[in-house]
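Undergrad: Could you look at this predicted model? Sequence included:
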Amino acid sequence: MTFEKILPQLIKLTADVGKVIMSFYKADMAVEMKLNKTPLTIADQRAHQLIVEGLNRLTPNVAILSEESDTATFEQRSEWQEYWLVDPLDGTQDFLEQTGEFCICIAYIKNHQAIFGLVYAPLTQTHYYGFDNKTYKQHNNIQTPLNACSATLPLRVVIGHNSTHNSKLQTHLQQLGKHQLNHLGSALKFCQIAEGVYDYYPRFGPCCEWDTAAGACILQNAGGCVVDENGAPLRYNTKNDLLSPTFFASGIH
């Protein structure tokens, strides 16, 4: 897989899907609640359909695992050496609450590792992508390389809007010492650490591999790191469920 070769098509695909997502933004729409009690809208479903169609055209022989697809069993998934991992609309709650903090996440997984990550923010029309030890931000057709290897004092911590009441997170934050706490929705947290806006993102609450893979890959290729409680990099498609472990994302490797 030569990501540099297909990157222009992926950028166009996500920009086009972003326009469709924005056509539903601030509109009245039905909201279903999935079994995991997260919301599902027509924007999620349309984005999923268009992304899957686009990826199938680009890479017809590569499996696709999307948040909104019928999930393959682990027996089926365990045969995949590589596949696309997609969240068509990450931050659906933020989309509904009209914070603007939602994005499209597309990662490429090979041998249980994310080797390519792309995140697109439809509201600001900004792309982030990382692979081959390089990460870029693209806005208004201007590509800017990102390097996350910096930190400030006090530490600029970023968490999700709904994470505040997590007791493990609260204990962890108390142990950090002096820090500045910020809130941001979706995988954009990884991207803003990669561009030096924030320093640290601890995650104790539940999330899935499609929420994590693209953003984590972008941050790692910018020189940052994302590790679990044992200090090991995150791995994908290794077990029956698709839940990500507790992890810590940082701008310093």
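TA: Looks like it arrived, so ask away. Residues are numbered from 1 along each chain as shown.

Undergrad: what about Leu153, how many residues close to it?
TA: Leu153: 10 surrounding residues under other Cβ atoms under 10 Å. C-beta: built from backbone N, CA, C; applies to glycine.

Undergrad: confidence score at it?
TA: Among the per-residue scores, Leu153 shows a pLDDT of 85.

Undergrad: And Ser150, by the same measure?
TA: Reported pLDDT for Ser150: 69.

Undergrad: Now Pro88, what are its backbone angles?
TA: The phi and psi torsions at Pro88 (degrees, to the nearest 10) take the values phi -60, psi -30.

Undergrad: Val20 is in contact with that one, correct?
TA: No: taking Cβ atoms under 8 Å as the contact criterion, Pro88 and Val20 are not neighbours in contact, 10.1 Å apart.

Undergrad: Mutual contacts of those two, please.
TA: Counting by Cβ atoms under 8 Å, 6 or more residues apart in numbering, the common neighbours of Pro88 and Val20 are Ala47.

Undergrad: More neighbours: these two, which one.
TA: Between Pro88 and Val20, counted using other Cβ under 10 Å, the more crowded position is Pro88 (26 against 15).

Undergrad: quick one: that one from Gly18, how far?
TA: Pro88 sits 11 Å away from Gly18, taking Cβ to Cβ, to the nearest Å as the criterion.

Undergrad: repeat for Thr126
TA: As it turns out, when the distance is counted by Cβ to Cβ, Thr126 lies 10 Å from Gly18.

Undergrad: Neighbour count for those two, which is higher?
TA: Using other Cβ under 10 Å, the more surrounded residue of Thr126 and Gly18 is Gly18, with 23 against 18.

Undergrad: Now for Gln9: which residues touch it?
TA: 54, 58.

Undergrad: That one falls within a helix, correct?
TA: Yes: with DSSP: H, G, I helix; E, B strand; the rest coil as the criterion, Gln9 is located in a helix.

Undergrad: So Lys5 lies in a strand, does it not?
TA: No: the assignment for Lys5 by three-state DSSP gives helix, which leaves it out of any strand.

Undergrad: Many thanks, we can stop here.
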